[in-house]
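S.K.: Below are the sequence and a predicted model; questions follow.
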Amino acid sequence: MPTVDRVLPGETNAVIDIQDIHTAVPAIPGLPEEPGDGAEPEPRISVIVPALNEARNIPHVFARLPQVDEIVLVDGGSIDDTVAVARRLRPDIRVVRQNRKGKGNALACGFAAATGDIIVMIDADGSTDPLEIPRFVEALREGADFAKGSRFRPAGGSADITRLRRAGNKCLSMLVNVLFRTRYSDLCYGYNAFWAHCLDVFELDHTSPAPDNADGRLWGDGFEIETLLNLRAARAELKITEVASFEHNRIHGVSNLNALTDGMRVLRTIAREWPRRTRVKRVAERQAR
């Protein structure tokens, strides 16, 4: 099973230098630094990194980033040095403050701020390997609208998923494949990339203030965002390609994911999105008559 080097600067008494972070990782194949005369401009790549108290993990993540055009760190109100560490390591980084709570809202705010032609979403805890970004970019350049990470494709895998979560993910994936006529092998995974011109189909709200409810979130602001993106990509009939990905354990800290409560949110997301797909299909059929 694939693994990556998990040794951190603090474990070796080494010091990460800003120059090292820019030069220690390869450029994305097929993306020259300067296009030749008359050549079509290469797509600009924006990487969105939602983060909440990830100061100890950011150095590992940034050290493995390939050369990209823009990094957008979306801070969820960290009380540690997440933002300061990110700015020290990458002075060119863009920092966005999310306006509500949850990973879904963080991604929506990051997507809205991105200026690249390709948008890639990764986690700040080290569970998604930035060195896999070229795989996603390649899938998009080969014709996909939405490159969807999967831990259950050949060469994929997970060091983090439990038997309960694996079984739940499989059942939910099968349900979505029947209802939405998809072929997803991994519904609940958040490593994805897409062309920026597809952003509107996701209909994400990044401007509304926090609602006056128990958790201060709108629907889609939580971990259900991963399922929501997959369902709306299917509903819009985007060309979707699954990309094999290996999920690693979080480096430091404890995950906020709860298999039971978040699993129920995913199930509710499927129930909420299914009638919408049916209505869209009926409208399209009436217009075709």
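M.R.: Here it is on my side, so go on.
S.K.: number of nearby residues for the residue nearest to Ala210 when sequence neighbours are not counted?
M.R.: Nearest in space to Ala210, with sequence neighbours left out and distances taken as CB to CB, 6 or more residues apart in numbering, is Gly216 at 4.1 Å. Backbone N, C-alpha and C define where each C-beta goes, glycine included. Residues contacting Gly216 under the criterion other CB atoms under 10 Å number 14.
S.K.: for the one 5 residues further on, same thing?
M.R.: Applying other CB under 10 Å, we find 26 residues neighbouring Asp221.
S.K.: still on that earlier bit, got phi/psi on the residue nearest to Ala210?
M.R.: Main-chain dihedrals, Gly216, degrees, to the nearest 10: phi 70, psi 30.
S.K.: list the contacts for it?
M.R.: Taking CB atoms under 8 Å, 6 or more residues apart in numbering, we find Gly216 in contact with 100-101, 210.
S.K.: One more: Asn230?
M.R.: For Asn230, the contact set (CB under 8 Å, 6+ apart) comprises 148, 176, 182, 184, 187.
S.K.: Just say helix, strand or coil for Pro59.
M.R.: helix (DSSP: H, G, I helix; E, B strand; the rest coil).
S.K.: Am I right that it is in contact with Thr82?
M.R.: No - when contacts are counted by CB atoms under 8 Å, Pro59 is not listed as touching Thr82 (11.0 Å).
S.K.: So which residues of the chain form strands?
M.R.: Secondary structure of the chain (DSSP state E): strands at 45-51, 70-75, 94-97, 118-121, 146-150, 157-158, 192-195, 240-244, 246-247.
S.K.: and Phe223, which of these is closest to it?
M.R.: Ranking the strands of the chain by proximity to Phe223 (CB to CB) places strand 45-51 first, at 11.0 Å.
S.K.: Tell me what angle that closest one forms with strand 70-75.
M.R.: For strand 45-51 against strand 70-75, the angle by axes from the mean of the first three to the mean of the last three CA atoms, to 10 degrees is 20 degrees.
S.K.: Check the spacing between the residue nearest to Ala210 and Ala139 real quick.
M.R.: As judged by CB to CB, to the nearest Å, Gly216 and Ala139 stand 36 Å apart.
S.K.: ok, now Asp125?
M.R.: Distance from Asp125 to Ala139, by CB to CB: 24 Å.
S.K.: and the two? which has more neighbours close in?
M.R.: Under the neighbour definition other CB under 10 Å, Asp125 and Ala139 were set side by side, and Asp125 has more, 23 against 20.
S.K.: can you pull the contacts of the residue lying closest to the more buried one once chain neighbours are set aside?
M.R.: Closest residue in space to Asp125, ignoring its immediate chain neighbours: Arg250 at 4.3 Å, by CB to CB, 6+ apart. Counting by CB under 8 Å, 6+ apart, Arg250 touches 57, 125-127, 160.
S.K.: Including distance to Val74, could these go into TSV?
M.R.: Formatted as TSV, the contacts of Arg250 follow (distance: CB to CB, whole Å):
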residue	distance to Val74
Asn57	15
Asp125	14
Gly126	17
Ser127	17
Asp160	22
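S.K.: any idea which of those residues is closest to Phe194?
M.R.: Comparing those against Phe194 with CB to CB places Ser127 closest, at 19.9 Å.
S.K.: If you average pLDDT over each of the strands of the chain, which is lowest?
M.R.: Looking at these, the lowest mean pLDDT belongs to strand 157-158 (a mean of 92).
S.K.: taking the mean pLDDT, what do you get for stretch 269-276?
M.R.: Stretch 269-276 comes out with an average pLDDT of 85.
S.K.: Flag every buried residue along it.
M.R.: Of all the residues in stretch 269-276, those buried under the rule 16 or more other CB atoms under 10 Å are 269-270, 273-274.
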